[in-house]
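In: Model the structure of this input:
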Amino acid sequence: MARFDNKVVIGNVLDNQGQALAAELGPAASFVRHDVTSEADWARAVEAAEKLDSRSEGRTAFLNLARLYPHLLHEEFMRRANNVGGFTRSDLMHAYDTAATYRVRFDRIAGDFDAVLTLSAPGEAPEGRVQGDNSLNRDLTLLHVPCINIPAGLGPNRMPIGLTLTGPRYRDRHLLTVAAGIAPAIDCDRVP
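Out: Below is the predicted model of the structure:
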């Protein structure tokens with residue numbers, strides 16, 4: 001981004017590495033010590049998202065199908081429809097409240113930047129038609145923020161390595177503009 005005259009602010013709690021990267025990128029880049037939140041808080045937020053999206057709301061989404069076609073649904077969807085986890089309305093309300101708190105926090109933090117850049121997944125995409133590791137984007141689902149996933153190179157197995165651009169809620173158009181600006185700098189065929 002800095003190469004294309006975009007101002008880049010690197011936010012991290014690793015002072016030395018962040019400052020070194022900013023120096024390497026040149027005068028368009030700067031470093032700010034930025035601790036988004038504690039690990040324990042994010043763990044609770046992600047747990048709330050999993051309960052909210054994957055379990056509690058999943059029950060409503062699959063209940064009708066589970067009643068009509070139980071033999072056609074995957075076992076996991078049947079567990080959700082039958083609320084095997086025992087999630088209560090109170091659990092759901094707590095998950096909604098936790099999500100709302102973190103949405104406001106993230107909007108305030110990310111609002112100072114053109115975009116937040118993160119890995120889409122730890123490593124390259126898996127081979128075949130299987131789901132990859134979503135551990136790095138569950139929190140973005142919880143936050144309801146816009147995300148643009150960009151293939152940014154190839155891993156050792158020649159499968160894509162993805163980057164995610166995100167930002168505050170309701171800034172979708174701005175994020176698309178940022179993505180269009182950095183697209184020429186990304187070499188999708190690069191292999192480590």
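
In: C-alpha only now, for contacts and for neighbours.
Out: Noted.

In: Please, which helix or strand holds the residue lying closest to N82 once chain neighbours are set aside?
Out: With Cα to Cα, 6 or more residues apart in numbering as the criterion, N82 has its nearest non-adjacent residue at 6.9 Å, and that residue is R59. Assessed by DSSP states H and E, R59 sits inside helix 57-68.

In: what ranges do the strands span in the protein?
Out: For the chain, the strands defined by DSSP state E cover 8-12, 29-33, 116-119, 147-154, 160-166.

In: What residues of stretch 158-174 count as buried?
Out: For stretch 158-174, the neighbour count (16 or more other Cα atoms under 10 Å) marks 159-169, 171-172 as buried.

In: Sort out which one of those residues lies nearest R89 for me.
Out: R169 (26.1 Å; Cα to Cα).

In: Report the central residue of the chain.
Out: With distances taken as Cα atoms, centre = their mean, N137 lies nearest the centre of the chain, 2.7 Å away.

In: who does the helix holding R59 touch, helix- and strand-wise?
Out: Helices and strands touching helix 57-68, by 3 or more Cα pairs under 8 Å, 6 or more residues apart in numbering; DSSP states H and E, are helix 75-81.

In: and the longest helix belonging to the chain, what other elements does it pack with?
Out: If you go by DSSP state H, the chain has its longest helix at helix 89-110. Helices and strands touching helix 89-110, as assessed by 3+ Cα pairs under 8 Å, 6+ apart, comprise helix 39-49, helix 138-143.

In: Give the buried residues for that helix.
Out: L92, A95, Y96, T98, A99, Y102, R103, R105, F106, D107, A110.

In: what pLDDT, on average, does stretch 180-192 get?
Out: On average, the pLDDT along stretch 180-192 is 71.

In: Can you check the pLDDT for the residue sitting furthest away from the middle of the chain?
Out: Distance from the centre of the chain peaks at L68, with 34.2 Å (Cα atoms, centre = their mean). pLDDT for L68: 93.

In: Great, nothing more from me.
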